[in-house]
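[1] Would you be able to build a 3D model of this:
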Amino acid sequence: MGTRSRHGTSNPVSRRSRLAPLPRAAPPPRTSAGRRTLPSLLIPAVSLVLLLAGCGTGSAGTSKITLPSGAETLVLRAQHYPSSPAAPGTPLPDYALYGDRKIYTPGPTTGALPGVRVQLLTVQAVERLYRRALDAGLDQAHTYGSPAPDAPGLIVTLAAAGGTPVTKVFKPDPAEKGRRGDVARLAAMTPDQLPPADRTGGSVPYAYTRLAVTAGIWGSGKAPEARPWPLGPLGDGEQVNGGSCTVLTGADLDRARTLLTSARPDTLWTSGNSTFRLQFRPLLPGERGCGDLKLAG
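    As a prediction, this is how the structure comes out:
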């Protein structure tokens, strides 16, 4: 029987029909393998989640990186230094990579005159080294360990966004695990260890035009076996890393080349009334004077 409204007229729609459930939506179609397919509108959302999942921090990943450029722009430098007390001066870095893809390493010594080798790397090789540096956390400054009198050290500098952070490692060991070991292993790399396809041609001598001379006092008076230093007072230079530093260029550098090829690295030199032990350090691209040779920290 039909129901009546409060106005007394008969309502043709029964209570049961008003409360009847809505029709159920049809299930997604099955594929030929019998699996349900997702609605097409969900697929872009899933792809976005996967894309974002690959954009985490802490690793260079596969994102595109922009490398510094320029023949005098440092990209990556690794420098070991001996335990203290050490002789005054700054040794050449283990390697220094620049924005023109050239990497500089110590070369053979002729008498007391140090040499430098330079090698051109491919773009792919430079990108891999830079990614390794980012993965090792070198885009931020770190200090691993504490200085000690018998602790050799390692300083690694990376050109990163906003500056050149410096990482210091005391008693570095490439066998260590974690970030500390990653930094030590990266610093232990040499261009000769790279695949031949990463190197463009062979290494050649670097014709440097500036030579830093750092003098450390050996003793007062003139040692009998010492040789006179003819290129200006040794004790009047800039104080850098425990010694007095001056830079030779032009004709003085030419004289020094001739003088040092007949000397030894441990030759003593006299200047004024003192005897000195000298360290000779060619300046690399972008290095202008003794102040550029100061060790960080």
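[2] ok, residue 138 - contacts?
    76, 156, 158, 160, 165, 167, 183, 186 (CB atoms under 8 Å, 6 or more residues apart in numbering). (Each C-beta comes from the backbone N, C-alpha and C, glycine too.)
[3] Likewise for residue 198?
    121-122, 124-125, 128.
[4] Just the ones of those in strands?
    Among those, DSSP state E puts residue 121 in strands.
[5] Dump the contacts of residue 198 to JSON lines, plus pLDDT.
    Shown next, in JSON lines, are these (pLDDT from 0 to 100):
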{"residue": "121", "pLDDT": "97"}
{"residue": "122", "pLDDT": "96"}
{"residue": "124", "pLDDT": "94"}
{"residue": "125", "pLDDT": "96"}
{"residue": "128", "pLDDT": "95"}
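[6] Mind giving me the ChimeraX command for buried ones among the contacts of residue 198?
    A single ChimeraX command is used to select the members of these judged buried by 16 or more other CB atoms under 10 Å:
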select :121,125
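[7] now, which of the contacts of residue 198 sits nearest residue 295?
    residue 121 (25.9 Å; CB to CB).
[8] who are the neighbours in contact with the nearest residue to the closest one once chain neighbours are set aside?
    Nearest in space to residue 121, with sequence neighbours left out and distances taken as CB to CB, 6 or more residues apart in numbering, is residue 101 at 5.0 Å. Residues near residue 101 by CB under 8 Å, 6+ apart: 120-123, 125-126, 200.
[9] Closest one of these to residue 94?
    Out of these, the member with the shortest distance to residue 94 (by CB to CB) is residue 121, at 15.3 Å.
[10] Which strand residues bridge the closest one?
    residue 199 (DSSP bridges).
[11] So which residues of the stretch 151-297 of the chain form strands?
    Assigned by DSSP state E, counting those that start in this stretch, the strands in the stretch 151-297 of the chain fall at 153-158, 166-170, 199-205, 211-220, 227-228, 238-240, 243-248, 268-271, 274-282.
[12] Need the contact partners of the third one.
    So that's strand 199-205. 101, 105, 107, 115-122, 125, 191.
[13] for the longest one, same thing?
    For strand 211-220, the external contacting residues (CB under 8 Å, 6+ apart) are 87-90, 231, 234-235, 237, 240-249, 253, 256, 268-269, 271, 273-283, 289-290, 293.
[14] Give me the buried subset of the residues you listed.
    88-90, 231, 234, 237, 240-248, 253, 256, 268-269, 271, 274-283, 290, 293.
[15] Tell me which residues of stretch 188-202 come out buried.
    189, 191, 194, 198-199.
[16] and it, how far apart are its ends?
    End-to-end distance of stretch 188-202 (CA to CA, to the nearest Å): 20 Å.
[17] So for it, mean pLDDT?
    In this model, stretch 188-202 has a mean pLDDT of 92.
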